[in-house]
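**Student:** One predicted model, sequence on top.
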Amino acid sequence: MHSISTPDLTDAAPDAAVIELQFRNLGGLKQFAGRAVTIKCHEDNSLVKQCVAEPGDGRVLVVDGGGSLRRALLGDMLAEQAAANAWSGLIINGAVRDVDALGSIALGVQALGTIPLKTEKRGEGQRDVVLQIGGARIGPGDYIYADNNGVVVSQRALQ
């Protein structure tokens, strides 16, 4: 676990990008970091479900749901699976549900908001693509650092 705060990281590495969105920190881990795995989807979490079933190896799943707050891209069952498979956390440009349960799971979860509705599973979306979220470019393998202050993205490891 990376213990340096995101403000200290950006002070030390002014070239690092910051996602300029007001995420809510909803998981049991309030600070998390790891290499990015990227998904782009819209109101369909089929790829999220597939991804959290794989070994996470301390990585961070970054999901660009287009900012939609109409359907939850993550709930307690997928979060528990992600934690069990050693994912460090998820950054979701969209909504989640089961927030009381998410707060008790040893997983980082940041999202724009919450809604009780689940997604339909249509098998749509893209994985391992470059995302543009909140003014930041996030590519597969980039380094993600997240805490209560926000989310920092870097193409190199930050100390």
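**Tutor:** Cool, the structure landed.
**Student:** For Val96, give me its contacts.
**Tutor:** Taking Cβ atoms under 8 Å, 6 or more residues apart in numbering, we find Val96 in contact with 26, 72-75, 102, 109, 111, 113-114. For the C-beta atoms, the positions are set from N, CA and C on the backbone; glycine is no exception.
**Student:** Now restrict the residues you listed to buried residues only.
**Tutor:** 26, 72-75, 102, 109, 111, 113 (16 or more other Cβ atoms under 10 Å).
**Student:** Go through the contacts of Val96 and flag which are in helices.
**Tutor:** Using DSSP state H, the members of the contacts of Val96 that fall within helices are Leu102.
**Student:** which one of the contacts of Val96 is nearest Ile144?
**Tutor:** Ile144 lies nearest to Val109 out of the contacts of Val96, by Cβ to Cβ, at 12.8 Å.
**Student:** Need the phi and psi values for the closest residue to that closest one other than its chain neighbours.
**Tutor:** With sequence-adjacent residues excluded and distances taken as Cβ to Cβ, 6 or more residues apart in numbering, Val109 is closest to Gly27, at 3.2 Å. Torsion angles at Gly27 (phi, psi; degrees, to the nearest 10) stand at phi -90, psi 180.
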